[in-house]
Every structure is written in structure tokens, then in C-alpha cells.
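In: Below are the sequence and a predicted model for it; my questions follow.
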Amino acid sequence: MVDLINSFCIRDAEATVLDPACGSGSFLVRAYYRKRHLKRNKPHTELLSELFGSDIALYPAHLATLNLAARQIDD
């Protein structure tokens with residue numbers, strides 16, 4: 001379901017994504033892969049700069065940050 005929603009919403013590799021209730025980051029991680037699929041040579045740090053999430057709980061927000069950072073651990 002996440003990929004279906006992201007495919008309707010992210011149509012361009014330059015899109016900025018906001019998940020206002022990100023939890024552990026499932027939508028953001030899948031949005032990362034969607035954007036990478038649309039433009040394969042886009043650097044990891046540039047992809048991360050276009051993804052935003054927030055959550056009322058601190059721990060899940062930290063998990064989302066770790067989940068996104070782990071997509072390319074060498075950066």
C-alpha cells in the first residue's frame with residue numbers, strides 16, 4: 001500500500017516529501033527508493049535533503065532517521 005500511495009504522489013525525482021506522522025519511517029524509506037528509482041545517479045545526501053518527517057513521539061522519529069541513514073551507510 002505504501003508503494004502505491006508513493007507512486008501516485010512522487011512522480012518526479014525532484015519532488016520533496018513530507019510525512020507529518022512518520023513513525024519509524026516506512027513511507028519515507030519507500031519514498032527514498034521511489035526517488036532513487038526515478039533518478040538512479042542522484043546522491044544519497046541529496047535524496048535525504050528532499051525527505052522530511054516529524055512525529056509527536058521522539059523515539060519513532062529517531063528510528064526514522066536511522067532507517068533513512070542506513071540506506072547507504074558509507075555516506
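Out: Good, I have the coordinates.

In: what residue ranges in this structure score low on pLDDT?
Out: For the chain, the stretches flagged by pLDDT under 70 are 75.

In: Nearest to the spatial middle of the chain, which residue is it?
Out: Of all residues in the chain, the one closest to the mean position by CA atoms, centre = their mean is residue 28, 2.9 Å from it.

In: just the helices in the chain please.
Out: Using DSSP state H, the helices found in the chain span residues 2-9, 26-38, 44-48, 58-69.

In: Alpha carbons only: can I get the third one in CSV?
Out: Which is helix 44-48. What follows is the C-alpha trace of helix 44-48 in CSV, where atoms were taken according to Å, rounded to 0.1, in the frame of the first residue of the first chain:
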residue,chain,number,x,y,z
HIS,A,44,22.3,9.7,-1.2
THR,A,45,22.7,13.0,0.7
GLU,A,46,20.7,14.9,-2.0
LEU,A,47,17.9,12.3,-1.7
LEU,A,48,17.9,12.7,2.1
